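Asker: test case, fold it:
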Amino acid sequence: GPMTGLPDWNRPALAKAAKALRKKGWVVLNPAEHDAGSVQIRKHHMRHDIQAVLLADVVFKLPGWLGSRGSVVEVLVAEALELEIHHWNPAKVPKP
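Answerer: Alright, predicted model coming up:
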């Protein structure tokens, strides 16, 4: 999901999704949990996030993802790897 330019880097929305997924049994790689509060430059975070996509089997797209350059890149990488991709729907959290 989008982070850059959003209040608190959109961490509450990402944390809520991660919590719901973990509750269902997913292993979650949440970019908002990496260097939480860090002032590292964007390219540092993007390198980490792309590495996380490379390790993933499934990607969940949170609302607003299409307006985020980083999220778009992550989804493009996921598509190139033919990963399973879902639109986030908190009412329908699938099991792994």
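
Asker: ok, for residue 46, nearest residue in space, not its chain neighbours?
Answerer: residue 70 (5.7 Å; CB to CB, 6 or more residues apart in numbering). Using the backbone N, CA and C atoms, a C-beta is placed for each residue, glycine as well.

Asker: actually residue 33, sorry about that
Answerer: Nearest residue to residue 33 in three dimensions, chain neighbours excluded: residue 18, at 7.3 Å (CB to CB, 6+ apart).

Asker: which outside residues touch the least confident helix or strand in the chain by mean pLDDT?
Answerer: The weakest-scoring helix or strand in the chain, judged by mean pLDDT, DSSP states H and E, is helix 42-55 (a mean of 90). Around helix 42-55, the neighbours that count as contacts under CB atoms under 8 Å, 6 or more residues apart in numbering are 4, 29, 31, 34-35, 38, 59, 70, 73-74, 77-78, 81, 83.
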